[in-house]
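S.K.: Using only what follows, build the 3D model:
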Amino acid sequence: MSNINDIISTNWQLSIKGPGQIAQGLDDINQGLLTLCSTRKYTSPLSPDKGLDLLAWQDKPVMVKAPGLVKEIIEQVALYEPRINLQAVQYTPGIGKIVFRLVWFYAPGYGDSAGAAQANTTLMLLADEGGFVLITDDNYALILN
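M.R.: Sure, this is the predicted structure:
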């Protein structure tokens, strides 16, 4: 993360990690994916279809929940994150959690090497009776109740 005086990218946004911080480049895309996956469907007034319908999956068994969420993630990334080409969404189920790994390439015209750079975003979804917690690669957590 860098501060507002260090903007060098055409694609950037204010960081959710602190005041005065910005996310650009890979951090910008990772934050976009985090925001997309942590937004509850039907809660964004200007984009009601944006986000995951986590509550629909809350009481489902992991072997039903994980593939359903993978499908939703693929659909949402295709609609709302044009800067990347999603190659795979892999998941590893565990007790009370599912770890999703998004494997993607920059879409042509984005990124430093115009489509050649591969990157991974790991999102760990902890699920319990009270809701969900989404944790990123760098241990940033969002509580989704």
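S.K.: Now do the strands in this protein.
M.R.: Listed in chain order, the strands of the chain (DSSP state E) span 2-3, 12-14, 21-24, 84-94, 97-106, 118-128, 131-135, 141-144.
S.K.: give me the low-pLDDT residue ranges for this protein?
M.R.: Counting by pLDDT under 70, the ranges of the chain that qualify are 1-2, 111-118, 127-134, 136-145.
S.K.: Recalculate using a threshold of 90.
M.R.: 1-40, 54-63, 65-66, 83-84, 87, 89-145 (pLDDT under 90).
S.K.: rewinding a little: I'd like the strands of the chain as CSV, with distance to S38 appended.
M.R.: Just so you know, the C-beta spots here come from the backbone N, C-alpha and C atoms, and that holds for glycine as well. Converted to CSV, those look like this (distance: least, Cβ to Cβ, whole Å):
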stretch, distance to S38
strand 2-3, 23
strand 12-14, 15
strand 21-24, 15
strand 84-94, 16
strand 97-106, 12
strand 118-128, 9
strand 131-135, 5
strand 141-144, 5
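S.K.: need these in CSV with mean neighbour count and distance to T39, can you?
M.R.: Output for these, formatted as CSV (neighbours: other Cβ atoms under 10 Å; distance: least, Cβ to Cβ, whole Å):
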stretch, mean neighbour count, distance to T39
strand 2-3, 14, 25
strand 12-14, 15, 14
strand 21-24, 19, 16
strand 84-94, 15, 17
strand 97-106, 18, 15
strand 118-128, 17, 13
strand 131-135, 17, 10
strand 141-144, 14, 9
